[in-house]
Structure formats: C-alpha cells, structure tokens
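Enquirer: no sequence on this one, just coordinates:
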C-alpha cells in the first residue's frame, strides 16, 4: 500500500502538495531535478535501480524541506516489469501525478562494430527508449483524462547530430527529442504540456559509467548545478546572454568574418574532435 493510501483518508490527497515522479533520481540530472521539485513545494516519487542511492537522495530532498514526502521505488526500468512496478506504485498512492520527469538513461562509448558490447547497447535502448515510451504512455493517459499535467523528457545535445563512437546513445537521444516534440504537438489542446530537456556535458557520473573519462567531453569543462555540486544541470549558456556582451567577452567590437581555409586544411579530423566542435557551435 502506498504512502498516501496509508494515511487512511483519501480525501486528504486533494489537500496535499503537487506530486512529481522522477526517474533516475539517485544521481546526476535526476537528482538535481528532485532537489528543484523539493524546493518548489512538490512531493516526490523517485525511481532508480539501486535502493541505497535512492535512500540517500530522499534524505537530501527532505533536508531541503522537512515537509516533503518521498516515495522510493527501486526498479530496473530497462525491463518492462520494472516500469510496470513503478506505475503500480504511483497508482497505489491514490493521487494524480502533476509532473513526470522521464530522465533515466545510460550511455555506451566506443566503436560500434569493433569495441562495444551488444548486450550493453540493447540495454541502453531498453532504458533510454523503450522504458521512456512505456512510462510516458501510462502516465500521459492519466494526465489527459484529468486534463492537466506536465511531462519533462531528458534528451541531450547529443541528439542533435549523429554521434560517432556513441552511435546508439546519440540515436536514443535523437529519438527522445523528436518523440517529445511530437507529443508536445499532439497534446497541445489537452492541458498537458511536454518539454524536452537538452543538456550539454554535465558534471555527473555519466561519463565514467559510459567509459568516456578520456574523451574530449569527459575531460572537458562541464556545466554544474547552481548549488555547486556534482550532478547538476548545465549552467547558463553563452546564447542566454546579450549578443553584445558575448562579443565583448570574446574581445570583438563587432562581428568578424572567418578567413577562408586553404583546401589542404579541409582534411577530416578525428571523429571525436569533429563531433564536439560541431556541438559547441550548436550550443
């Protein structure tokens, strides 16, 4: 029986704080999202594979606001049964979901044909793609029936362009980007909003888990949370500042044209270098 069902009075649910469900909430961006929801008056259902990490996260969220109620669901969302278990736990609370933050995901790095393991990539697809569709399907139906709700889907700047040496991961994030944008259009008249989060490299454990510690992104500067700790959302990007300030910071009084490149200088660069240079321009 869920936390709120155990209260013994379902009528109390209407007077309780709004409820947010966050997957992958034990670390990284999901952890930061949980902190944001706790700060803004939400109760939480947090889900991840390992209960110990969730318990620590729950304590941190309660430290932000002692009034926050946190329901922990340890489930392997790379499996259909794990998604079903999470949804059943949500329904057992006897109250509607106001926000779904579909954030859980993993990465795999390496040459697709010669280095990476098929089992890891198939699990990535199950977690990053199939589980997101599964959970979003279940929760969005309830939101549409209610006429209200918000869905946040974590994609990535990696989903903007093809990703050499992270081919499956980048493709999964491209899927989430277009999946979320399509849902945004489909649900525009229902009272349910859909937002796609597109973070750049962030200071989390993601790169270590994906085997990317020695890559350009793994070793480079990353966005941090406004709290200053690891696992944060990307900080303000250059394009969020007035253009004249960006030019001044870069030492330019006015825009300058790039010099033409000699044909011999147009030789291909290493795939990693080319990918992250193009991403930095996109940012």
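Expert: Right, received. Where do you want to start? These numbers come from a predicted model, not from an experiment.

Enquirer: only C-alpha atoms from now on, for both contacts and neighbour counts.
Expert: Noted.

Enquirer: need the pLDDT of residue 60.
Expert: At residue 60, the predicted lDDT confidence score is 97.

Enquirer: one more: residue 199?
Expert: 93.

Enquirer: can you tell me the closest non-neighbouring residue to it?
Expert: Leaving aside its chain neighbours, residue 199 sits nearest to residue 156 (5.1 Å; criterion: CA to CA, 6 or more residues apart in numbering).

Enquirer: wait, what's in contact with residue 189?
Expert: Under the criterion of CA atoms under 8 Å, 6 or more residues apart in numbering, residue 189 has no contact partners.

Enquirer: state the distance from residue 170 to residue 111.
Expert: 13 Å (CA to CA, to the nearest Å).

Enquirer: looking at the two, which has the bigger crowd around it?
Expert: residue 170 (23 against 13; other CA atoms under 10 Å).

Enquirer: which helix or strand contains that one?
Expert: helix 167-186 (DSSP states H and E).

Enquirer: just checking, what packs against that helix?
Expert: Here helix 167-186 touches helix 118-125, strand 149-154, strand 192-197, going by 3 or more CA pairs under 8 Å, 6 or more residues apart in numbering; DSSP states H and E.

Enquirer: can you list the low-confidence ranges for the stretch 101-250 of the chain?
Expert: Applying pLDDT under 70 to the stretch 101-250 of the chain picks out residues 202-250.

Enquirer: 80 instead?
Expert: 201-250 (pLDDT under 80).

Enquirer: the one helix or strand residue 63 maps to: what's the following helix or strand?
Expert: Here residue 63 sits within helix 51-64, counting by DSSP H and E. Going down the chain from helix 51-64, the next helix or strand is strand 70-74, by DSSP H and E.

Enquirer: what comes into contact with the next helix or strand after that next one?
Expert: Following strand 70-74 in sequence order, the next helix or strand is helix 80-91 (DSSP H and E). Residues outside helix 80-91 that contact it (CA under 8 Å, 6+ apart): 2, 45, 47, 73, 75-77, 97, 131, 134-135, 138-139.

Enquirer: show me which of those residues are buried.
Expert: Buried members of the contacts of helix 80-91, scored by 16 or more other CA atoms under 10 Å, are 45, 47, 73, 75-77, 97, 131, 134-135, 139.

Enquirer: out of these, which two sit at the greatest distance?
Expert: 76 and 97 (20.6 Å; CA to CA).

Enquirer: surely residue 143 meets residue 192?
Expert: Yes - applying CA atoms under 8 Å, one finds residue 143 in contact with residue 192, separated by 6.6 Å.

Enquirer: what is in contact with the two at once?
Expert: By CA under 8 Å, 6+ apart, the residues touching both residue 143 and residue 192 are residue 149.

Enquirer: give me the angle between the helix holding residue 170 and strand 192-197.
Expert: 150 degrees (axes from the mean of the first three to the mean of the last three CA atoms, to 10 degrees).

Enquirer: mind listing what's buried along stretch 169-179?
Expert: 169-177, 179.

Enquirer: one step back: rebuild the helices and strands packed on helix 167-186 as a markdown table, extending it with distance to residue 165 and mean neighbour count.
Expert: Output for the helices and strands packed on helix 167-186, formatted as a markdown table (distance: least, CA to CA, whole Å; neighbours: other CA atoms under 10 Å):
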| stretch | distance to residue 165 | mean neighbour count |
| --- | --- | --- |
| helix 118-125 | 12 | 16 |
| strand 149-154 | 21 | 21 |
| strand 192-197 | 23 | 20 |
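
Enquirer: I'd like to know which of these lies nearest to residue 63.
Expert: It is, among the helices and strands packed on helix 167-186 and with distance given as CA to CA, strand 149-154, at 24.3 Å.

Enquirer: residue 88 and residue 116, how far apart?
Expert: 35 Å.

Enquirer: could you do residue 194 as well?
Expert: Distance from residue 194 to residue 116, by CA to CA: 33 Å.

Enquirer: what of residue 168?
Expert: 10 Å.

Enquirer: same check, this time on residue 196
Expert: Residue 196 sits 28 Å away from residue 116, going by CA to CA.

Enquirer: do residue 201 as well
Expert: Taking CA to CA, one finds residue 201 at 21 Å from residue 116.
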